[in-house]
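S.K.: Sequence plus the predicted model coming up.
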Amino acid sequence: MTRWRPAGERKSPYITPEGYARLQEEQQALWARRHEVTAALAAAAAEGDRSENAEYIYRKKELREIDRRIRYLQKRLPDLTVVTETAGKRGRIYFGCWVTVEDEAGRESTYRIVGPDELDPSKGWISMDSPVARALLGKALDDEVTVATPAGTARYYITALGYVPPDEV
């Protein structure tokens, strides 16, 4: 029996220069970690019976996870397009833009529209493939945006936008 799964939705191939550098650093760190794990695996294998050797089983699993991530990065990095220029129209929302929106309850949220490989909700970075980002792209200051959410329709008003982080302005 195979473990065939249908292909996932294709991710956008765009990334910021900082995000691309982070992925390259991750790949280099994984290669270094792989060498350490391989050495530990060889030492565990030399201990004898592998079927009851917890260290050996753990290191094999760890090596599989590292190899999976390295394979992903080796396929993904060449396909990425690094976006170094901000959009020509500064008054509109495009890739890399910092956007502050206000919902109907008056709560403000600040997002940065980035590629799917650098998504980080704790920083407010949302993927350009997300419903909120797709609704925001191409809009201008003071526009109203409607987004379909699982809880229903949400309305947001764009209160600020820029291509430098809000804390640096």
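M.R.: Arrived safely, thanks for sending.
S.K.: now the helices for this protein?
M.R.: In the chain, the segments counted as helices under DSSP state H are 17-45, 54-79, 131-136.
S.K.: okay if I get those as TSV plus mean neighbour count?
M.R.: Every residue, glycine included, has its C-beta placed from N, CA and C. As requested, the helices of the chain are exported to TSV (neighbours: other CB atoms under 10 Å):
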stretch	mean neighbour count
helix 17-45	14
helix 54-79	13
helix 131-136	19
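S.K.: how close does the residue lying closest to L161 once chain neighbours are set aside get to R59?
M.R.: Of all residues not flanking L161 in the chain, V99 sits nearest, at 5.0 Å (CB to CB, 6 or more residues apart in numbering). Counting by CB to CB, to the nearest Å, the gap between V99 and R59 amounts to 45 Å.
S.K.: re earlier: out of the helices of the chain, which is closest to R107?
M.R.: Between R107 and the helices of the chain, the tightest spacing by CB to CB is seen for helix 131-136, at 13.9 Å.
S.K.: Tell me the buried residues in stretch 151-163?
M.R.: A154, Y156, Y157, I158, L161, G162 (16 or more other CB atoms under 10 Å).
S.K.: C-alpha coordinates for that stretch, PDB please?
M.R.: Output in PDB follows, covering the C-alpha atoms of stretch 151-163 (Å, rounded to 0.1, in the frame of the first residue of the first chain):
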ATOM      1  CA  ALA A 151     -16.900  33.000  11.500                       C
ATOM      2  CA  GLY A 152     -18.600  35.000   8.800                       C
ATOM      3  CA  THR A 153     -17.700  38.100   6.700                       C
ATOM      4  CA  ALA A 154     -15.300  40.500   8.300                       C
ATOM      5  CA  ARG A 155     -14.800  44.200   7.200                       C
ATOM      6  CA  TYR A 156     -11.600  46.000   7.600                       C
ATOM      7  CA  TYR A 157     -10.700  49.600   7.000                       C
ATOM      8  CA  ILE A 158      -7.100  50.400   5.900                       C
ATOM      9  CA  THR A 159      -5.700  53.100   8.200                       C
ATOM     10  CA  ALA A 160      -2.000  53.000   7.300                       C
ATOM     11  CA  LEU A 161       0.400  51.500   4.900                       C
ATOM     12  CA  GLY A 162       4.100  51.700   4.100                       C
ATOM     13  CA  TYR A 163       7.100  49.800   2.900                       C
END
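S.K.: Many thanks, I have nothing further to ask.
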